[in-house]
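>>> The following comprises the amino acid sequence and a computationally predicted model.
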Amino acid sequence: MSSSFNWHNPYPTVRMPVFGRNICSTSHPYAAQAGLKMMQQGGNAIDAAIAAAAALMIVEPVSNGLGSDCFAIVWDGHELHGLNASGVSPADWSLDYFATKYGRDAQGFVNRPMRGWDSITVPGAIAGWDTLHQRFGSLPLADLLQPAIEIAERG
């Protein structure tokens, strides 16, 4: 490794997204810039988070796609709110269904399937974004998705 590597700015060709008293940190600079743009337009942290998550869906589709989940802890200035928008299982699934189909382990716990249709759930990310936007968002949803649309169109 070169001794000239700068750990504080590992991507010198990309401007670090910084804006006054707010912060938006993501695993990809384009997503952080999408969140920052929402705050520059008067949006709040929830607006920034949704815009950044939508952008991550484009730039990191394997890690943050439409089929993912959404979890949030939100402080509204008065009360702490939690959101678990992990995927739900189909209505016909029950412990009895899995116990009959996959059996139980030595301790009596129902075995979980590791492959196939029974190992997945309905994705919860988009429903989570909608819930957060309805309850805490301040900008129109179309505005929040615009940076992701632009990233997708530019390629």
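That came in fine, so what should we check first? Numbering: from 1, shown residues only.
>>> in the protein, which helix or strand is least confident?
helix 95-102 (a mean of 92; mean pLDDT, DSSP states H and E).
>>> That helix: which residues count as buried?
Phe98 (16 or more other CB atoms under 10 Å). To be clear about C-beta, it is placed using only N, CA and C from the backbone, and glycine gets the same treatment.
>>> repeat for stretch 145-153
Of the residues in stretch 145-153, 145-148, 151 count as buried by neighbour count, 16+ other CB under 10 Å.
>>> which one of those residues sits closest to Gln33?
Proximity of the buried residues of stretch 145-153 to Gln33 (CB to CB) peaks at Pro147, which lies at 7.3 Å.
>>> Can you name the residues that contact that closest one?
The contact partners of Pro147, by CB atoms under 8 Å, 6 or more residues apart in numbering, come to 30, 33-34, 37-38, 51, 54-55.
>>> and it, that's in a helix?
Yes - counting by DSSP: H, G, I helix; E, B strand; the rest coil, Pro147 is part of a helix.
>>> can you offset everything so residue one is 3?
Renumbered: residue one is now 3, and that last one reads Pro149.
>>> quick one: pLDDT of it?
On the pLDDT scale, Pro149 is placed at 98.
>>> Just give the closest residue to it, not the sequence neighbours.
Closest residue to Pro149 apart from its sequence neighbours, by CB to CB, 6 or more residues apart in numbering: Ala36 at 3.5 Å.
>>> quick one on the thing from earlier: using PDB, write out the CA atom coordinates for the least confident helix or strand of the chain.
What follows is helix 97-104 as a C-alpha-only set of coordinates in PDB (Å, rounded to 0.1, in the frame of the first residue of the first chain):
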ATOM      1  CA  LEU A  97     -45.200 -22.800  13.500                       C
ATOM      2  CA  ASP A  98     -47.200 -26.000  12.900                       C
ATOM      3  CA  TYR A  99     -46.600 -25.700   9.100                       C
ATOM      4  CA  PHE A 100     -42.800 -25.500   9.600                       C
ATOM      5  CA  ALA A 101     -42.700 -28.100  12.400                       C
ATOM      6  CA  THR A 102     -44.600 -30.600  10.100                       C
ATOM      7  CA  LYS A 103     -42.500 -29.800   7.000                       C
ATOM      8  CA  TYR A 104     -39.000 -29.300   8.600                       C
END
